[in-house]
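Novice: This is the structure alone, sequence omitted:
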């Protein structure tokens, strides 16, 4: 968590996300590391620590995203922004096929690719959780269907 995000803001962001990573949908209680409040638009790109610019993210999604806000579409010079949990609907860009996160849109593709949401280690973790009935959780399913 960023030191500029106070504990009350963290509580609000975590609660709004149902304690689930807003990108890969892993529940915080199933993760080894505490989740982070991440800036959707990083401060270095002019983003603020306001609720409208903050998301709840597992350490892996947040680490791979870093301060990035977009990526080049493979084979082109076209810049494609990442999925924004505050303005986009998860289900409009992604779907779960078992534990695999498939994408529908260029935004979804860029997000899955850069955040490495289907990296072998992430899939292995989600597979283990799925076998125990812990992925996706009811809280994750609510996050997918909200809006």
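Specialist: Noted; the coordinates are in hand. Note that the structure is a prediction, hence the values are computed from the model and not measured.
Novice: Please count neighbours and contacts with C-alpha atoms only from this point.
Specialist: Will do.
Novice: And the strands in this protein?
Specialist: Using DSSP state E, the strands found in the chain span residues 36-39, 54-57, 70-72, 79-81, 94-97, 100-103.
Novice: Can you pull out the low-pLDDT segments for the protein?
Specialist: Counting by pLDDT under 70, the chain has low-confidence residues at 1-3, 147.
Novice: which helix in it runs the most residues?
Specialist: Secondary structure assigned by DSSP state H gives helix 120-131 as the longest helix of the chain.
Novice: wait, what's in contact with the closest residue to residue 4 other than its chain neighbours?
Specialist: Spatial nearest neighbour of residue 4, chain neighbours left out: residue 49 (7.4 Å); criterion: Cα to Cα, 6 or more residues apart in numbering. Neighbour list for residue 49: 4, 5, 39, 43 [criterion: Cα atoms under 8 Å, 6 or more residues apart in numbering].
Novice: same question, residue 81
Specialist: Residues near residue 81 by Cα under 8 Å, 6+ apart: 69, 70, 71, 107, 110.
Novice: switch to 6 Å and redo it
Specialist: 69, 70, 107 (Cα atoms under 6 Å, 6 or more residues apart in numbering).
Novice: Same check on residue 28?
Specialist: By Cα under 6 Å, 6+ apart, the residues touching residue 28 are 19, 20.
Novice: any idea how far residue 60 is from it?
Specialist: Distance from residue 28 to residue 60, counting by Cα to Cα, to the nearest Å: 12 Å.
Novice: about what we covered before: among the contacts of residue 49, which ones are buried?
Specialist: Among the contacts of residue 49, those buried by neighbour count (16 or more other Cα atoms under 10 Å) are 5, 39.
Novice: ok, which pair from the contacts of residue 49 is furthest apart?
Specialist: Farthest pair in those (Cα to Cα) is 5 and 43. Separation: 12.1 Å.
Novice: burial of residue 109, as a residue count?
Specialist: Using other Cα atoms under 10 Å, residue 109 has 22 other residues around it.
Novice: swap in the one 4 residues further on?
Specialist: Neighbour count for residue 113, taken as other Cα under 10 Å: 15.
Novice: likewise residue 33?
Specialist: Residue 33 has 11 neighbours, counted by other Cα under 10 Å.
Novice: quick one, what contacts the residue nearest to the spatial centre of the chain?
Specialist: Per Cα atoms, centre = their mean, the C-alpha nearest to the average position across the chain is that of residue 23, at 1.8 Å. Contacts here follow Cα under 6 Å, 6+ apart; on that basis residue 23 touches nothing.
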